[in-house]
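A.B. asks: sequence and predicted model, in that order:
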Amino acid sequence: TTYNFVSNQSSTRTLAFGSWGKIVVTAAGSSFSFYSIGLTVTAGPTGKISMTSNSSKVFLNSTSGDINFPVLLENSGTGKLTISSPSDISFYAITNSVAPTGFIFPTTNTVTAGSFNFNGNSGNLVTLMSSSSTANANLFATSGATGSRQKWDYVTANNINTANGIWYAGSHSTNAGNNT
């Protein structure tokens with residue numbers, strides 16, 4: 001557990017999660033910040049980055065260069081989690097463990113994950129939106145090629161493009177507009 005995580009240098013470095021590795025970040029604001037240049041991330045499907053603040057928080061790539069985080073990115077606080085990157089960024093999976101909560105995705109690139117699992121409950125929706133009210137965010141599911149489903153329920157979505165596979169927003173979800 002750490003207040004925040006910062007790796008803002010461009011030297012060659014590795015962030016290795018190992019077996020069941022987990023980083024819990026408790027800060028609000030730019031709480032997980034890094035330069036993608038020179039950064040390699042190693043983990044298996046058991047690696048996790050959990051963002052726990054009940055205030056807004058940011059997962060921030062400060063430099064150009066596609067980056068792969070082979071971990072589960074989890075919003076485990078009620079504050080919205082903004083994923084910000086000038087380049088494509090990918091994860092093993094993106095999910096929430098509390099509701100209400102939300103995710104804000106960038107409009108300048110694609111966010112890729114093996115799965116996008118968003119589930120709220122009655123009266124506590126998960127909000128999905130783009131970082132701009134006039135442009136859509138692009139979500140791409142790598143597991144979609146095998147026919148897996150991206151299932152959401154108790155979600156409200158606005159300005160979200162989805163690609164690859166079968167995407168299903170459950171009967172308790174709301175289309176807030178401009179989604180494909």
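C.D. replies: That came through, no problem. Numbers count the residues shown, from 1 in each chain.

A.B. asks: how about the CA coordinates for the host helix or strand of Phe32, as PDB?
C.D. replies: Applying DSSP states H and E as the criterion places Phe32 in strand 29-34. The C-alpha trace of strand 29-34 is given here as PDB (Å, rounded to 0.1, in the frame of the first residue of the first chain):
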ATOM      1  CA  GLY A  29      -5.400  13.400  -7.900                       C
ATOM      2  CA  SER A  30      -2.500  12.100 -10.100                       C
ATOM      3  CA  SER A  31      -2.000   9.100  -7.800                       C
ATOM      4  CA  PHE A  32      -0.400   6.700 -10.300                       C
ATOM      5  CA  SER A  33       1.900   8.600 -12.600                       C
ATOM      6  CA  PHE A  34       4.700   7.300 -15.000                       C
END
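
A.B. asks: partners of that strand in the sheet?
C.D. replies: Sheet pairing of strand 29-34 (DSSP bridges) gives strand 5-7 (parallel), strand 57-61 (parallel).

A.B. asks: dump the C-alpha coordinates for the last one into PDB.
C.D. replies: Taking Å, rounded to 0.1, in the frame of the first residue of the first chain, the C-alpha atoms of strand 57-61 are listed here in PDB:
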ATOM      1  CA  LYS A  57      -8.000   9.900  -9.100                       C
ATOM      2  CA  VAL A  58      -5.800   9.600 -12.200                       C
ATOM      3  CA  PHE A  59      -3.800   6.800 -13.800                       C
ATOM      4  CA  LEU A  60      -1.500   9.000 -15.800                       C
ATOM      5  CA  ASN A  61       1.000   8.200 -18.600                       C
END
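
A.B. asks: could you measure from the residue nearest the centre of the chain over to Tyr3?
C.D. replies: The centroid of the chain falls nearest to Ile94 when counting by Cα atoms, centre = their mean (4.8 Å). From Ile94 across to Tyr3, the span is 22 Å (Cβ to Cβ, to the nearest Å). Quick note: C-beta positions are derived from backbone N, CA and C, even for glycine.

A.B. asks: report the rounded mean pLDDT for the strand holding Phe32.
C.D. replies: Strand 29-34 carries an average pLDDT of 85.

A.B. asks: go on, stretch 58-78?
C.D. replies: Computed over stretch 58-78, the mean pLDDT rounds to 89.

A.B. asks: kindly check the end-to-end length of that stretch for me.
C.D. replies: One end of stretch 58-78 sits 13 Å from the other (Cα to Cα, to the nearest Å).

A.B. asks: equivalent analysis for stretch 142-159, please.
C.D. replies: End-to-end span of stretch 142-159 (Cα to Cα): 20 Å.
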